[in-house]
Structures are given as C-alpha cells and as structure tokens.
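[1] any chance you could fold what I've pasted below:
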Amino acid sequence: MVRILGGFQTDFARNWTREGKHIVAPMKEAGQGALAATRLDAADIDTIHVGNFAAELYSMQGHLGAMALEIDPKFRGKPTGRHEAACASGGISILAATAEIEAGRYKTALVLGIEQMKTVNAAQGGDYLGTASWYEREAKGKDFPFPRLFGQLGAEYVRRFDIPMEDYMDYQAYLAALMYKNARHNPNAQTREWAMDQAQARGEDKFNMRISPEIKLSDCSQVTDGAVGVVLASDEYAAEYARRHGISLDSIPSILGWGHTTAPIQLSDKLAESRDQEYVLPHARRAITSAYARAGIQGPGQLDAYEFHDCFTTTAYSSIDLVGLTKPGENQKAIEGGWLEMNGRLPLNPSGGLIGTGHPVGATGVRQLLDAAKLTTGQAGDYQVTRKNNKVLTVNIGGSGTTTVSFVVGKK
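    Residues are numbered from 1 along each chain as shown. Presented below is the predicted three-dimensional model:
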C-alpha cells in the first residue's frame, strides 16, 4: 500500500506569464511547498515524477524531469522522469511513482503536476489542446476543437437516452453553477472570486458565448497556470515517518485502489464502439470499477465524495452513471435529488473541480489526489465534506475520454 504524506498546490488564480516567470517557478513553489508541508528534507526523496502535457508547446521547454532538480540542490543525481497522457498526465505520473514504490525500488517519491497555459492566446491554446485528440482528423483547422468534441459526448447522451435538449441544458447549467459555488470555498481555486448562478449559466450572451451546439463558455473548465506536488511513501517509510512526527500511522491516507484504461483516441471510434453497450464511455467505467475492486469496495455508497474530471459539464453529467450513482440514462435523478451537493448523497468536486478550481492540464490528476487526501483526513477547510467512510474517488481523464486513471484514496 502506498501512503500520501501530504502536498502543496499553487494558487490557480495566478498568471505566471504575466508575472514574467518561467515554468520552473511554479514547479519550484510546488516542490518546496510539498517538502515543507510534509516536514521533509529534499534528501528524504528517493525519486521524482513529473506530469505534464505540453510544455514544449506552451513554454518551449521539454525534459521537465531534469528541471525538477532546480527545486533543491539535494535533488541532483536522483532519478527523475516526465509523463504525458494529455489531461491524464498527472494521474499517469502518480501510477508510475506508486509502481516504483510497490516494486521496492524506492521508499519515497515526489510527484509534480504542472502546466503553464497562459503563455499564448485562447485560439493558439485551443489548437495546442487539440493535440490531445487525433490532431489531423479531429482538430486541425478547427477553432476550439475540444469543446466541439465534448459537445458530441453530450449530444450522444441526448440521442441515446432520449433526453429533451432543453432539459439537458438545464442540467449543464446546474452542474456549472455547482462547481462555481463549491470553488468559492477553496482558497486556491481560480474562480473563487467569480459569481455564476444557474440562471447565468443557462443564459447566452457576450459573456457566455456558445462555442458549439452543446457547449457555452460556462460549460468549460478554465485555462490555468498551476502546479501541485505530493509526497508518496511506502508503508514501511510511513510507519517510521509517523513515529518520528508523533502521529498515528492510521492518520496517513493511502491509495487503496487504482484503475487505468485507454480507449481509441478518436471520439467517433469510442462512440461507435459503445453503441450497443450499457455505458457511453465503457473504458472510463472500467477504470473506476477496477479502482473500486482493488480498494475492496462495492461502489459509491462507500465513498464520501468524488473528484471527477469535469473538463466540461458534459463529462460532469456522464460522471453520475460512470461512478455508479445511477444507471446510464437516469443521471438526472442525482441532479434533481440534490445528490451532488456538498451535503448530498455523494458530493461532486467539493474543491470546485476543473470548472471552478481550474485545469492546469498536467497538474489536475495530482491536484485531485491531494484534495482527496485532504478530504479523507478532515483537512479540506471550508470545502470539507462529512466523513462517514473516509474514502474519496478521483477520476482523471485525458483526451476525449481516451486515457482514464482512477484512484480510491482514504483509510481501510
């Protein structure tokens, strides 16, 4: 079992480019913050893993594993690596670090997720994000390809389950407003000072323009600069760490289960493959149920919350059946019943998610893990949920539902 000793998140409202700072600056802040939060010295870290999507495009900087050595001189000579899986880059970096710890190669790992996205204008950034799809076939020459792709996911739910479009748009507006509301309680959320209620999210004007037939600006996650660091450790190291700091080993959360699947990269292939299946995104569903099985739980009734990859409200809507709250086609029951609220049956994204907290692409999976650890230990502050099971699910998705990494975090 791998333990989460703690971590640190930069303020996702910051614009590091406007501050004149290179991508190494948020990386250093996250790494040094994670060491301070866990009261560890850089010498205590055995290996470093960096999750990042496209620094070569946004920042003209590759080889980010080596850049991690700028965090502290004591990191020099340590093994490092960078991992890329589009928006699931953070989740993949966590998987790589846990595999090394479980194999007995190392006892501790620093995992860093990072993206600096505000180096270019919105159109150029949208084109860069298009490389997470099959660029030549799905994104080249198209404005904002991912809102269009994820709009098609919403259209598939409407078609397959015969949902009135006006109702579906109401559900999208509800989910957007919920994320903005939750984010107001998160001191590191990008939109914590913004206001967006359901009526505003449902409306359409120059401030909430329609990007695709199914997607408006309020349905989208944010363009974000940010970095997150977490320190992972073996059970053996965590036990010694607990003794050294006078805390109970049981107070340190664990990664109880994980799931990892990959679907065809083209959205049309995914949807065609799932036409006769129960779930619209069956591969994502399997990653989640794999995490449940490895954690020894049956489903959402044994969780306190879930942090899901709501890059758009269409994925937030799909999350309801994917995690098992309802059967596919009955997702509206969770919305209409208030099940996703902070005091509901299973709170969705207490942090504010990608829509509210922000989405620095390579950092999101690491941020989800850190927030899950906080939620299971009662350290989430104003966005803390009631702890009944001390378990939280995370779901990190790359591409148009292509790569899915899921974790169950908490205590046995």
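[2] the strands in the stretch 51-200 of the chain, which residues?
    Assignment of strands within the stretch 51-200 of the chain using DSSP state E, counting those that start in this stretch yields the ranges 80-83, 108-115.
[3] closest one to residue 381 among the ones you listed?
    strand 108-115 (20.7 Å; Cβ to Cβ). Glycine gets a C-beta too; all of them are placed from N, C-alpha and C.
[4] who does the closest one pair with, and is each partner parallel or antiparallel?
    Take DSSP bridges as the rule and strand 108-115 pairs in its sheet with strand 47-51 (parallel), strand 226-234 (antiparallel).
[5] in it, which residues are buried?
    Neighbour-count burial for strand 108-115, with 16 or more other Cβ atoms under 10 Å as criterion, is recorded at 108, 109, 110, 111, 112, 113, 114, 115.
[6] stretch 235-251 too?
    Neighbour counts over stretch 235-251 (16+ other Cβ under 10 Å) mark 235, 237, 238, 241, 242 as buried.
[7] now the first one: closest residue in space that isn't a chain neighbour?
    So the one you mean is residue 235. The shortest distance from residue 235 to any non-neighbouring residue, by Cβ to Cβ, 6 or more residues apart in numbering, is to residue 1 (5.3 Å).
[8] my read: the one you found touches residue 252, true?
    No: Residue 1 is not in contact with residue 252 according to Cβ atoms under 8 Å; the separation is 10.3 Å.
[9] more neighbours, those two?
    Just comparing residue 1 and residue 252: by other Cβ atoms under 10 Å the higher neighbour count belongs to residue 252, 21 against 12.
[10] what helix or strand is the closest residue to that one other than its chain neighbours located in?
    Sequence neighbours aside, residue 3 is the residue nearest to residue 252 in space, at 4.8 Å (criterion: Cβ to Cβ, 6+ apart). For residue 3, the host element (DSSP states H and E) is strand 2-9.
[11] and residue 232, bridged to which residues?
    Assigned bridge partners for residue 232, using DSSP bridges, are residue 4, residue 109.
[12] which residues sit in contact with the residue nearest to residue 252?
    For residue 3, the contacting residues are 232, 233, 234, 235, 237, 238, 252, 253, 254, 255, by Cβ atoms under 8 Å, 6 or more residues apart in numbering.
[13] how about the residues you listed in JSON lines, adding pLDDT and distance to residue 302?
    Below are those laid out as JSON lines (pLDDT from 0 to 100; distance: Cβ to Cβ, whole Å):
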{"residue": "232", "pLDDT": "99", "distance to residue 302": "23"}
{"residue": "233", "pLDDT": "98", "distance to residue 302": "25"}
{"residue": "234", "pLDDT": "98", "distance to residue 302": "25"}
{"residue": "235", "pLDDT": "97", "distance to residue 302": "22"}
{"residue": "237", "pLDDT": "98", "distance to residue 302": "28"}
{"residue": "238", "pLDDT": "98", "distance to residue 302": "23"}
{"residue": "252", "pLDDT": "98", "distance to residue 302": "20"}
{"residue": "253", "pLDDT": "98", "distance to residue 302": "15"}
{"residue": "254", "pLDDT": "98", "distance to residue 302": "15"}
{"residue": "255", "pLDDT": "98", "distance to residue 302": "16"}
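[14] return the subset of the residues you listed lying in strands.
    232, 233, 234, 254, 255 (DSSP state E).
[15] the third one: what's it in contact with?
    Read that as residue 234. With Cβ under 8 Å, 6+ apart, residue 234 has these contacts: 2, 3, 101, 102, 104, 107, 108.
[16] between the buried residues of strand 108-115, which is nearest residue 35?
    residue 110 (7.8 Å).
[17] now do stretch 288-306: distance to the chain's middle.
    Distance of stretch 288-306 from its chain centroid, counting by Cα atoms, centre = their mean, to the nearest Å, is 17 Å.
[18] continuing past the strand or helix carrying residue 364, what's the next helix or strand?
    Per DSSP H and E, residue 364 falls inside helix 364-376. Where DSSP H and E defines the elements, the next helix or strand beyond helix 364-376 is strand 391-398.
[19] which strands and helices lie in contact with the very next helix or strand once past that next one?
    Counting by DSSP H and E, the next helix or strand C-terminal to strand 391-398 is strand 403-410. Using 3 or more Cβ pairs under 8 Å, 6 or more residues apart in numbering; DSSP states H and E as the contact test, the elements touching strand 403-410 are helix 89-102, strand 254-262, helix 282-295, helix 364-376, strand 391-398.
[20] how about a cut-off of 6 Å?
    Secondary-structure packing of strand 403-410 (3 or more Cβ pairs under 6 Å, 6 or more residues apart in numbering; DSSP states H and E): strand 254-262, helix 282-295, helix 364-376, strand 391-398.
[21] of all these, which one comes closest to residue 17?
    helix 364-376 (19.0 Å).
[22] measure the residue nearest to residue 252 to residue 303 for me?
    19 Å (Cβ to Cβ, to the nearest Å).
[23] was I right about residue 147 contacting residue 214?
    No: Residue 147 lies out of contact with residue 214 (Cβ atoms under 6 Å); the separation is 8.5 Å.
[24] so which helix or strand takes in residue 307?
    Per DSSP H and E: strand 305-308 holds residue 307.
[25] what's the closest non-adjacent residue to residue 161?
    Sequence neighbours aside, residue 329 is the residue nearest to residue 161 in space, at 3.8 Å (criterion: Cβ to Cβ, 6+ apart).
[26] next: residue 355.
    residue 179 (3.9 Å).
[27] and the one you found, what does it touch?
    352, 353, 355, 356 (Cβ atoms under 6 Å, 6 or more residues apart in numbering).
[28] could you redo the last one with a cut-off of 8 Å?
    Counting by Cβ under 8 Å, 6+ apart, residue 179 has contacts 310, 316, 349, 352, 353, 354, 355, 356.
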